[in-house]
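Asker: Here is a sequence with its predicted model. Questions after.
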Number of protein chains: 2
Amino acid sequence: MEITRLSPTVRRGLVVVITGYGKGKTTAALGIAVRACGHNMSVSIIQFMKGDLYAGEWDGVKKMGCQIELIPTGKGFCGIQGNPYPFKEHRSNAQEAIQLAHQKMASGQIDILILDEINNALHLHLVDLEQVLEIIQHKPPLMHLVLTGRDAHPQVIELADTVSEIKEVKHAYRKEIEPQPGIDY
Amino acid sequence: MEITRLSPTVRRGLVVVITGYGKGKTTAALGIAVRACGHNMSVSIIQFMKGDLYAGEWDGVKKMGCQIELIPTGKGFCGIQGNPYPFKEHRSNAQEAIQLAHQKMASGQIDILILDEINNALHLHLVDLEQVLEIIQHKPPLMHLVLTGRDAHPQVIELADTVSEIKEVKHAYRKEIEPQPGIDY
């Protein structure tokens, strides 16, 4: 069997939004990094709000023989039960993440920029709509931009090329199954 | 900031289904492999129907310094326009993939078994419902099993712990944007 290799006549940098309340938003973005790795593309993943809870992908991406970096910039989900950090601190971290995103875009070295949980950060007012729209509208034309997180803003969806909404049909935690390594973190 | 490391008091092998018509099913499964890699878990990915069209993840997983294997077993999507292979051949390939899944489970070496596109293969009658239910019901208790593909069967959903349905809100190809490396393949 012959294997077909696609090659677009026109290269485009896409804007991809992965939203919804179901499981799989962050892993869908991480999977894009695996795919990109096969094409020798460089990927920068900036995680909003994440940073206080160990996740396997932090070490996973380091073990990939690819140009992939993952930078957690936060202190956990703002406002959820048990999170001890004040809104101001969460917002300050998210604002730094926005600046980091601009630096990555300006470097010209990144083929895919993944802003993990930015939709959620916008919904929680840790970043402003104008800031997210500015990133989308001023990204390098050939750079893919992936924005994940629940509650994606309608104007972000409007500007995106591809938008997936992940619906929760079932989740193990509702059966009181604890989070399991490899799947949940 | 202190980083919390979760550790479940009870380890469970979960059954995860990722279905729906939106983009992100396969990448969500690949992202689980990245996460698992950080936990030094071994992952086997068997792709049903895929094999005729190069995808970045084929090389991406090889570059990961982890115990991850990806085995495409098919000849493209059965019945779609342009696919030259007869049903019988697609079914034969899918049946071999089922046997391979059993071998992987019997080896006792696999922490996560990902059966990519198996839901779709079942919907297209390349495998039988009983075969999929048998895999779910007889998997090693601590092994996670991930089943992707559109049109997941209700009985498969019934047996699963976590089920996500990815809905297509928008897709770039509807704007006649060609598939782009890193994102689409």
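Answerer: Here it is on my side, so go on. From a predicted model like this one, the values you see are computed outputs, not experimental measurements. Numbers count the residues shown, from 1 in each chain, chains lettered A, B, ... in the order given.
Asker: just the helices in chain A please.
Answerer: Using DSSP state H, the helices of chain A run over residues A:25-38, A:56-62, A:87-107, A:118-123, A:129-137, A:154-159.
Asker: Please spell out which residues along the fifth one are buried.
Answerer: What it means is helix A:129-137. In terms of neighbour count (16 or more other C-beta atoms under 10 Å in any protein chain shown), helix A:129-137 has its buried residues at A:131-133, A:135-136. Any C-beta I mention is one placed from the backbone N, CA and C, and that applies to glycine too.
Asker: what's the distance between the residue most central in space within chain A and residue B:31?
Answerer: The residue lying closest to the centre of chain A (C-alpha atoms, centre = their mean) is residue A:116, at 2.2 Å. According to C-beta to C-beta, to the nearest Å, residue A:116 stands 11 Å off from residue B:31.
Asker: Run through who's touching the longest strand seen in chain A.
Answerer: Secondary structure of chain A per DSSP state E: the longest strand is strand A:162-170. With C-beta atoms under 8 Å, 6 or more residues apart in numbering or on different chains as the test, strand A:162-170 has contacts from A:14-25, A:28, A:152, A:157, B:17, B:19-20, B:22-24, B:28, B:157, B:160-172, B:183.
Asker: Equivalent analysis for stretch A:4-13, please.
Answerer: A:139-145, A:161, B:52-54, B:172, B:177-181, B:185.
Asker: same check, this time on stretch A:52-65
Answerer: For stretch A:52-65, using C-beta under 8 Å, 6+ apart, the contacting residues are A:26, A:30, A:33-34, A:37, A:45, A:68-70, A:72, A:74-76, A:83, A:181-182, A:185, B:1-6, B:31, B:33-39, B:60, B:63-66.
Asker: could you flag which of the contacts of stretch A:4-13 are buried?
Answerer: The neighbour count (16+ other C-beta under 10 Å) marks A:139-140, A:143-145, A:161, B:52, B:54, B:172, B:177, B:180-181, B:185 as buried among these.
Asker: ok, those residues vs residue B:91, which is closest?
Answerer: Nearest to residue B:91 out of the buried ones among the contacts of stretch A:4-13 is residue B:52 (C-beta to C-beta; 15.7 Å).
Asker: Identify the spatial nearest neighbour of that closest one, chain neighbours not counted.
Answerer: residue B:76 (4.0 Å; C-beta to C-beta, 6 or more residues apart in numbering or on different chains).
Asker: For burial, what's the neighbour tally of the one you found?
Answerer: By other C-beta atoms under 10 Å in any protein chain shown, the residues close to residue B:76 number 19.
Asker: Can you pull the phi and psi angles for it?
Answerer: Dihedral pair for residue B:76: phi 100, psi 170, per degrees, to the nearest 10.
Asker: That one touches residue B:47, doesn't it?
Answerer: No - contact criterion C-beta atoms under 8 Å: residue B:76 and residue B:47 do not qualify, at 11.0 Å.
Asker: Turn the buried ones among the contacts of stretch A:4-13 into JSON lines, columns for distance to residue B:123.
Answerer: Compiled in JSON lines, these are given as follows (distance: C-beta to C-beta, whole Å):
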{"residue": "A:139", "distance to residue B:123": "37"}
{"residue": "A:140", "distance to residue B:123": "40"}
{"residue": "A:143", "distance to residue B:123": "36"}
{"residue": "A:144", "distance to residue B:123": "30"}
{"residue": "A:145", "distance to residue B:123": "33"}
{"residue": "A:161", "distance to residue B:123": "27"}
{"residue": "B:52", "distance to residue B:123": "19"}
{"residue": "B:54", "distance to residue B:123": "25"}
{"residue": "B:172", "distance to residue B:123": "25"}
{"residue": "B:177", "distance to residue B:123": "27"}
{"residue": "B:180", "distance to residue B:123": "27"}
{"residue": "B:181", "distance to residue B:123": "28"}
{"residue": "B:185", "distance to residue B:123": "22"}
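Asker: of all the helices of chain A, which gets the most neighbours per residue?
Answerer: For these, the largest average neighbour count (mean count of other C-beta atoms under 10 Å in any protein chain shown) is found in helix A:25-38, namely a mean of 28.
Asker: Whether that helix contacts chain B - can you check?
Answerer: Yes - if you take C-beta under 8 Å from any C-beta of the partner chain as the test, helix A:25-38 does meet chain B, through A:26-38.
Asker: any idea of the angle that helix forms with strand A:162-170?
Answerer: Put simply, helix A:25-38 runs at 130 degrees to strand A:162-170, going by axes from the mean of the first three to the mean of the last three C-alpha atoms, to 10 degrees.
Asker: Only alpha carbons, please: show helix A:25-38 as PDB.
Answerer: Coordinates of each C-alpha in helix A:25-38 appear next as PDB, following Å, rounded to 0.1, in the frame of the first residue of the first chain:
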ATOM      1  CA  LYS A  25      -9.200  19.900  26.000                       C
ATOM      2  CA  THR A  26      -5.600  19.900  27.300                       C
ATOM      3  CA  THR A  27      -4.800  16.500  26.000                       C
ATOM      4  CA  ALA A  28      -6.100  17.400  22.500                       C
ATOM      5  CA  ALA A  29      -3.700  20.300  22.600                       C
ATOM      6  CA  LEU A  30      -0.900  18.100  23.800                       C
ATOM      7  CA  GLY A  31      -1.700  15.700  21.000                       C
ATOM      8  CA  ILE A  32      -1.200  18.500  18.500                       C
ATOM      9  CA  ALA A  33       2.300  18.800  19.900                       C
ATOM     10  CA  VAL A  34       2.900  15.100  19.200                       C
ATOM     11  CA  ARG A  35       1.700  15.500  15.600                       C
ATOM     12  CA  ALA A  36       3.800  18.700  15.200                       C
ATOM     13  CA  CYS A  37       6.800  16.900  16.500                       C
ATOM     14  CA  GLY A  38       6.600  14.500  13.600                       C
END
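Asker: nearest to chain B, of the buried residues of helix A:129-137?
Answerer: Distance to chain B, by C-beta to the nearest C-beta, is smallest for residue A:136 among those, at 13.8 Å.
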